[in-house]
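Student: Return a 3D structure for these sequence lines:
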Amino acid sequence: MINLEKEIRQQPNVLASLKEKNQFTLDKLVEQIKENNINNIYFAARGTSDHACVYAQYLFGIVLGIPCTLGTPSVFTQYGKELNFSNTLVIGVSQSGRAEDVNAVLQSANKQGMITVAITNNEDSLIAKTAKFHLFCNANEEKSIAATKTFTSQMYLLALLCARWSENRELSTALSNLPQQVSMALDYLPNQIENIVSSLLEYREAVVLGRGISYPIALEGALKILETNKMKVKGYPISDFYHGPVAQLHNNDLAFVLAQSGTMLQDAKMMLDKLATVGANTVVITDVADICDSKNKIMIENTGCELTMPFIFALAMQIFALKLVIAKGIDPDKSNVIAKITVTK
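Tutor: Below you'll find the model as predicted:
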């Protein structure tokens, strides 16, 4: 079994370990957050880790009404400037913990006496030691070039922080149920997806579309397919796709649509109608059985919480990337151009 598949399948156990592993740190962190009347969050991250932060940006906005900024670390490292972090929680996210530009953001916030948090899969890493608090992904070594278990563990840790901070019982319960739901999805998703990939092998380009809480999964799903399958793939928010990018699609072009029940379902339906008018070959991932009659429809089970559904959508996109590389005979654990750890400055 290739590393990519092994690591996808390890996710239920990784997620199940995170609350107990990080509970003490979360309690102390939230205590300080409330004492300091924090009303802003600034995230510093790159790549997959940045996509986890986009998920958190929606989550903290929806649950707590906290404005969140996706950081621009080069302001610190390349332009030599500082930002005013008053009343701001600064969170650096990096699987390896070696991102020097993320570390520079944390150092700047530390100088200003702000609360800083690192989320990494390495307890001895650079940013884990710089931040005042460290939340640990506890995912063991991730060998595949494509991040899978570290991505969902980052999302989960950020969701745990949101649930603890907001004292939201519904979200807390949903997170407790999620590892088992991910495990169940690993039983029913692979066969569905395997039945579809054989018709997609000739494609070299695609778009992945989602909106709201599913948008970060469109970004991440595109990246998983791009970096493993040597395809040009880009994720878009459905709302922005109407404003020009839809013009790139022609008859039989490939589009993935993440059609989640709840707040953004009508937007997904409207986009499916739009894609039908241009004749796109659409793969629909959804928990709504009657959303469309596409032959390329992947059904996922609803988690019972709109805010945790993105984990199952993320899993589906990871499995798509996996099944495509297997069908194409590509080794996703090797690349001539991508390194597992990328250190940006």
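
Student: tell me the domain boundaries of the protein?
Tutor: 3-167, 179-328 (automatic domain parsing).

Student: And the pLDDT at the closest residue to residue 147 other than its chain neighbours?
Tutor: Leaving aside its sequence neighbours, residue 147 sits nearest to residue 48 (C-beta to C-beta, 6 or more residues apart in numbering; 4.4 Å). Placement of C-beta: from N, CA and C, glycine included. At residue 48, the model reports a pLDDT of 96.

Student: and if you look at residue 247?
Tutor: 86.

Student: Shouldn't it be within a strand?
Tutor: No - inclusion of residue 247 in a strand is not indicated when DSSP: H, G, I helix; E, B strand; the rest coil is applied; the result is helix.

Student: Let me know the distance separating it from residue 218.
Tutor: 18 Å (C-beta to C-beta, to the nearest Å).

Student: do residue 15 as well
Tutor: Residue 15 is 21 Å from residue 218, by C-beta to C-beta.

Student: re the thing from before, which one's more surrounded, residue 247 and residue 218?
Tutor: residue 218 (28 against 9; other C-beta atoms under 10 Å).

Student: and the most centrally placed residue in the chain, what does it touch?
Tutor: Nearest to the mean C-alpha position of the chain, by C-alpha atoms, centre = their mean, lies residue 52 at 3.9 Å. For residue 52, the contact set (C-beta atoms under 8 Å, 6 or more residues apart in numbering) comprises 45, 93, 151, 154-155, 158, 216, 220.

Student: ok, now residue 71?
Tutor: Counting by C-beta under 8 Å, 6+ apart, residue 71 has contacts 42-45, 105.

Student: Next, give me the two most distant ones among the residues you listed.
Tutor: Maximum pairwise distance among the contacts of residue 71 (C-beta to C-beta): 10.6 Å, between 42 and 45.

Student: neighbour-wise, which of these two wins?
Tutor: Shown here are residue 42 and residue 45; by other C-beta under 10 Å, residue 45 has more neighbours (26 against 22).

Student: Residue 90 is in contact with the more buried one, correct?
Tutor: No - contact criterion C-beta atoms under 8 Å: residue 45 and residue 90 do not qualify, at 11.5 Å.

Student: how about the helix or strand harbouring residue 180: buried residues?
Tutor: Here residue 180, judged by DSSP states H and E, is contained in helix 169-197. Neighbour-count burial for helix 169-197, counted by 16 or more other C-beta atoms under 10 Å, picks out 171-172, 174-175, 178-179, 181-182, 185, 189-190, 192-193, 196-197.

Student: which other helices and strands contact that helix?
Tutor: Helix 169-197 sits against helix 11-35, helix 149-166, strand 297-299, helix 309-328, with contacts defined as 3 or more C-beta pairs under 8 Å, 6 or more residues apart in numbering; DSSP states H and E.

Student: Take these and lay them out in CSV including mean neighbour count, mean pLDDT and distance to residue 115.
Tutor: As requested, the helices and strands packed on helix 169-197 are exported to CSV (neighbours: other C-beta atoms under 10 Å; pLDDT from 0 to 100; distance: least, C-beta to C-beta, whole Å):
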stretch, mean neighbour count, mean pLDDT, distance to residue 115
helix 11-35, 17, 98, 6
helix 149-166, 25, 98, 12
strand 297-299, 19, 96, 40
helix 309-328, 24, 96, 26
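
Student: do you know which of these lies nearest residue 134?
Tutor: helix 11-35 (6.8 Å).

Student: what does the following helix or strand past the closest one contact?
Tutor: Counting by DSSP H and E, the next helix or strand C-terminal to helix 11-35 is strand 40-44. For strand 40-44, contacts defined as C-beta under 8 Å, 6+ apart pick out 50, 53, 56-57, 60, 66-71, 73, 83, 85, 87-93, 101-102, 105-106, 109.

Student: Same question for stretch 162-179.
Tutor: Under C-beta under 8 Å, 6+ apart, the answer for stretch 162-179 is 12-13, 15-16, 19, 26-27, 30, 33-34, 56, 59-60, 63-64, 156, 159-160, 303-305, 307-308, 311.

Student: distance of residue 46 from residue 88?
Tutor: Residue 46 sits at a distance of 20 Å from residue 88 (criterion: C-beta to C-beta).

Student: ok, these two, which is more surrounded?
Tutor: Of the pair residue 46 and residue 88, residue 88 is the one with more neighbours under other C-beta under 10 Å, namely 22 against 19.

Student: gap between the more buried one and residue 267?
Tutor: Distance from residue 88 to residue 267, by C-beta to C-beta: 31 Å.

Student: try residue 7
Tutor: Residue 7 is 32 Å from residue 267, where distance means C-beta to C-beta.

Student: what about these two, which has more around it?
Tutor: Counted by other C-beta under 10 Å, residue 7 and residue 267 do not tie: residue 7 has more neighbours, with 25 against 20.

Student: is it fair to say that one lies in a strand?
Tutor: No - assignment of residue 7 by three-state DSSP gives helix, placing it outside any strand.

Student: hang on, it packs against residue 144?
Tutor: Yes - here residue 7 reaches residue 144: they are 5.4 Å apart, a contact under C-beta under 8 Å.

Student: Cool, thanks, talk later.
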